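Student: Please find the sequence and the predicted model below.
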Amino acid sequence: MERVYWQAAEALRKLVESFTPNQEKHRRVWSQIFVNSKWVSEIARRESGANPILLGHDLNKVYNKSGDKSYIFLTLGFPLASPDLEGLIESLQPHKFDRSTMEVTFEESDIVLNIGKLFSEVVPSNIDFQVLFSAAHEPYTAALHWTEVDLQKIHPNDISGLVSNGEVDYTKICGIIVRDPNNQQQRLFQDCFQSPDSLPVSAIFDRTDAKYCSGWSLRELKIPLTPIIKPCMSLQEPDSLEL
């Protein structure tokens, strides 16, 4: 029996040593989120190869094991067609879950995970999306894909927000262009975040590449009313700019 244990331990040691530093970082980050890959495998089967992504500047701290409290989002780039909230919750490491904000606070790490983007374009809680970005003058953020070990750094040119009086505000509505590592052509998609208390806005598109929203501007209302906030559509065509 002792020999069997020794052989198993030796096999595990060789497996760990075979990991590159980034493979080990990737494994450690995701293992702090999920108990196993059951939920991810089921989502990939149901949603045509969907690739879960962790998103947020605080990923730099988690990836590099700084130990500081971190706030990140779990996203697929689109809401689930057949949501399975209970299945997701059961697959997570021990945690406390706030259904009103869709925030998961893990008991064994300093990670707060927002899962609201899996179920709606409009994030249910009125949080400040600045939490997604660095505190620098220009916004930076990061993404970690389930299927790619390297941390993807996202620069200001790939981040859009509300344009008002020459300034860009990312607190209530923003768009982040993320590379899809599963696509051989390195396809990009834009993930939009919108708070339920966002002001009524109109989308601004870059005419050279109208798939991606380059920002939003405040919509002028002709009559005093409280509009229904519609979710921002990341791949909305330019002939329908209203949100």
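Tutor: Yep, that arrived. Numbering: from 1, shown residues only.
Student: Can you list the low-confidence ranges for the protein?
Tutor: Applying pLDDT under 70 to the chain picks out residues 1-19, 49, 181-187, 207-209, 221-243.
Student: now the helices for it?
Tutor: When secondary structure is read from DSSP state H, the chain shows helices at 2-18, 21-31, 38-46, 59-63, 85-91.
Student: what distance separates the shortest one from the middle of the whole chain?
Tutor: Here helix 59-63 is found 13 Å from its chain centre; the criterion is Cα atoms, centre = their mean, to the nearest Å.
Student: Could I get the buried residue list for stretch 61-72?
Tutor: 61-63, 70-72 (16 or more other Cβ atoms under 10 Å). The C-beta positions use only the backbone N, C-alpha and C, and glycine is treated the same way.
Student: With stretch 90-98 instead?
Tutor: For stretch 90-98, burial by neighbour count (16+ other Cβ under 10 Å) applies to 91-93, 95.
Student: Spatially central, which residue of the protein would that be?
Tutor: Centroid-nearest residue in the chain, with Cα atoms, centre = their mean: L55, separated by 3.6 Å.
Student: OK, contacts around the residue lying closest to W39 once chain neighbours are set aside?
Tutor: Of all residues not flanking W39 in the chain, S91 sits nearest, at 3.7 Å (Cβ to Cβ, 6 or more residues apart in numbering). Counting by Cβ atoms under 8 Å, 6 or more residues apart in numbering, S91 makes contact with 34-36, 38-40.
Student: re the thing from before, the residue nearest to the centre of the chain contacts F133, doesn't it?
Tutor: No: under the criterion of Cβ atoms under 8 Å, L55 is not in contact with F133, lying 10.6 Å apart.
Student: Give me the common contacts of the two.
Tutor: T141.
Student: Now do the residue nearest to the centre of the chain against P156, distance only.
Tutor: 16 Å (Cβ to Cβ, to the nearest Å).
Student: One more: N36?
Tutor: Distance of N36 to P156, given as Cβ to Cβ: 37 Å.
Student: Also T105?
Tutor: Distance from T105 to P156, by Cβ to Cβ: 30 Å.
Student: Among the buried residues of stretch 90-98, which are located in strands?
Tutor: Cross-referencing those against strands under DSSP state E gives H95.
Student: about what we covered before: just list whatever residues bridge to the residue nearest to the centre of the chain.
Tutor: The bridge-partner assignment for L55, based on DSSP bridges, gives F73, A143.
Student: residues contacting it?
Tutor: L55 is in contact with 72-75, 132, 141-143, 176, 178, 191, counting by Cβ under 8 Å, 6+ apart.
Student: Cool, thanks, talk later.
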